[in-house]
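In: Next come a sequence and a model predicted from it.
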Amino acid sequence: MSTSAAPIESSALALLALRCPRCHQGELFLYPATNLTKFTDMPAECPVCGQTYEPEPGFYFGAMYISFGFALAIFLFCGIALYYLANDPESWVYVSTVAIISIALTPLIFRYSRAIMLYLFGGTRYNPQWRARHSH
Ligand SMILES: [Zn+2]
């Protein structure tokens with residue numbers, strides 16, 4: 001095993017790095033977030049440990065609510081920042097700032113919503129011994 005593929009111990013960091021919730025090594029997404037046509041593509045299962053990335057059909061429906069939470073956070077953050085830092089500008093400034101930031105962050109919001117969904121509700125925990133258990 002090469003050192004660069006070493007698993008990340010912390011689940012929070014593995015989530016941030018968009019790694020498999022079970023082995024913390026396999027990537028959750030096939031392409032980088034900057035690939036605007038393919039940033040949503042996930043493999044069916046972890047390329048490292050074989051953990052399925054879709055525990056049941058429609059599993060990621062709930063990720064929509066997490067995305068909504070992110071959008072709300074952006075909305076509030078922009079609103080508060082503009083109000084205090086830009087001295088309450090015209091309303092079009094609020095609207096366009098929120099729109100631009102939301103669009104720019106869409107790939108990240110999509111991916112982290114799915115990752116959070118899988119980590120919280122996928123029924124999978126980090127298992128550094130997955131190889132040993134796999135061979136039973
Ligand atoms: Zn894995």
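Out: Okay, I see it.
In: Which neighbouring elements make contact with the longest helix belonging to the chain?
Out: For the chain, the longest helix by residue count, based on DSSP state H, is helix 91-121. Packed against helix 91-121, as judged by 3 or more C-beta pairs under 8 Å, 6 or more residues apart in numbering; DSSP states H and E, are the following elements: helix 11-16, helix 63-85. C-beta: built from backbone N, CA, C; applies to glycine.
In: Nearest approach to the ion belongs to which of those?
Out: Taking C-beta to the ion, helix 11-16 is the member of the helices and strands packed on helix 91-121 nearest to the ion, at 9.8 Å.
In: For that closest one, C-alpha coordinates in CSV please.
Out: Once non-C-alpha atoms are left out, helix 11-16 reads as follows in CSV (Å, rounded to 0.1, in the frame of the first residue of the first chain):
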residue,chain,number,x,y,z
SER,A,11,-14.2,10.9,9.9
ALA,A,12,-14.6,14.6,9.7
LEU,A,13,-11.5,15.0,7.6
ALA,A,14,-12.5,12.0,5.4
LEU,A,15,-15.8,13.6,4.8
LEU,A,16,-14.1,16.9,3.9
